[in-house]
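S.K.: Predicted model follows, preceded by the sequence.
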Amino acid sequence: MLLDLKLVIRLQEIDNRLAELAREIASLPKHIAEIEKKLGAHERKLDADRAALAANQKERKKCESDIPVQEQKISKLKDQMLTAKTNEQYGAFQHEIEFCQKEIRRLEDRILEMMAESEPLERNVKAAEAALKEEKSQVEAEKGLARERTAVDEKAASELQTERASIAKEVTPATYQQYERVRKGRKGIAVAEVVDGRCTVCHMLLRPQYFQDVKRTESILFCESCQRILYYNPPQSFDDQAGVPDRGGTVSA
């Protein structure tokens, strides 16, 4: 195989890996942003539940403090009833006492309602606090892993860039320019293997004679359909891979 062809095949492998690393490096911040957004939503839900529980407890305390006020009113009204001089005055005091008694019953009923409402709220808050604590721990762990993964990817990318620069210097300028032109115009894929007489990227069937030319690898050839640089890997037989005894009885590797 031509040296230039071997080199551009390796360049393509490097560029493919660099593209994968770039995608992974770019995806990690997005992943962290997504889990932090989810965490933020859970925090806001917990804040809302806490606020609802606090409002419940505040109203409940208000109702509980209002009951003695109404009871004191009733006590005063009963004392004033003793001084009533007319039936009208007596009836008015009685009416006010009944009103206060109704208000006490209303407050007691409301306290019972809020007690019933507070129980699931308290459970929700406690469960959400525990879940949020665990989720925060997981988020921090994922952020740590993302930072480690990014550092590893960036190191690998740097090493590949160094290797790429070295290889690019070895390729003849004309071949390298062709490689770059095709790569930039074909979504990063400039080299394609030929299998069973077809370009494995665009899947177009090569003309028989052209296929034979590609197999000989005497020059850089391009797919007549997608313009990618073509190469052919001859299939290896079992004997080629395992080694077979030669006529002297030794095994060739």
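M.R.: Looks like it arrived, so ask away.
S.K.: wouldn't residue 117 be in contact with residue 55 here?
M.R.: No. The pair residue 117 / residue 55 is not scored as a contact, 10.0 Å apart, by Cβ atoms under 8 Å. To be clear about C-beta, it is placed using only N, CA and C from the backbone, and glycine gets the same treatment.
S.K.: Which of the helices and strands in the chain ranks last by mean pLDDT?
M.R.: helix 238-242 (a mean of 50; mean pLDDT, DSSP states H and E).
S.K.: chain center to whichever helix or strand residue 144 is part of: distance?
M.R.: Assessed by DSSP states H and E, residue 144 sits inside helix 87-170. In terms of Cα atoms, centre = their mean, to the nearest Å, the gap separating the centre of helix 87-170 from the centre of its chain is 20 Å.
S.K.: Packing partners of that helix?
M.R.: Helix 87-170 sits against helix 3-81, with contacts defined as 3 or more Cβ pairs under 8 Å, 6 or more residues apart in numbering; DSSP states H and E.
S.K.: Counting by contacts, list what the helix it packs on packs against.
M.R.: Checking 3+ Cβ pairs under 8 Å, 6+ apart, helix 3-81 ends up next to helix 87-170, helix 173-185, strand 191-195, strand 229-231.
S.K.: if you set the cut-off to 6 Å instead, what comes out?
M.R.: helix 87-170, strand 191-195, strand 229-231 (3 or more Cβ pairs under 6 Å, 6 or more residues apart in numbering; DSSP states H and E).
S.K.: could you give the angle of that helix to helix 173-185?
M.R.: 30 degrees (axes from the mean of the first three to the mean of the last three Cα atoms, to 10 degrees).
S.K.: now the angle from helix 3-81 to helix 87-170?
M.R.: Using the same axes, to 10 degrees: helix 3-81 against helix 87-170 is 170 degrees.
S.K.: Please shift the residue numbers so they start at 13 in all later answers.
M.R.: In the new count, where the first residue is 13, that last one comes out as helix 15-93.
S.K.: Tell me what angle helix 15-93 forms with strand 203-207.
M.R.: Using the same axes, to 10 degrees: helix 15-93 against strand 203-207 is 110 degrees.
S.K.: chain center to helix 15-93, what's the gap?
M.R.: With Cα atoms, centre = their mean, you get 16 Å for helix 15-93.
S.K.: and if you look at stretch 226-244?
M.R.: For stretch 226-244, the distance to the chain centre is 41 Å (Cα atoms, centre = their mean).
S.K.: I'd like to check what contacts it. Which residues are they?
M.R.: Outside stretch 226-244, the residues that touch it by Cβ atoms under 6 Å, 6 or more residues apart in numbering are 13-14, 17, 20-21, 187, 194, 202-206, 211, 213-214, 216.
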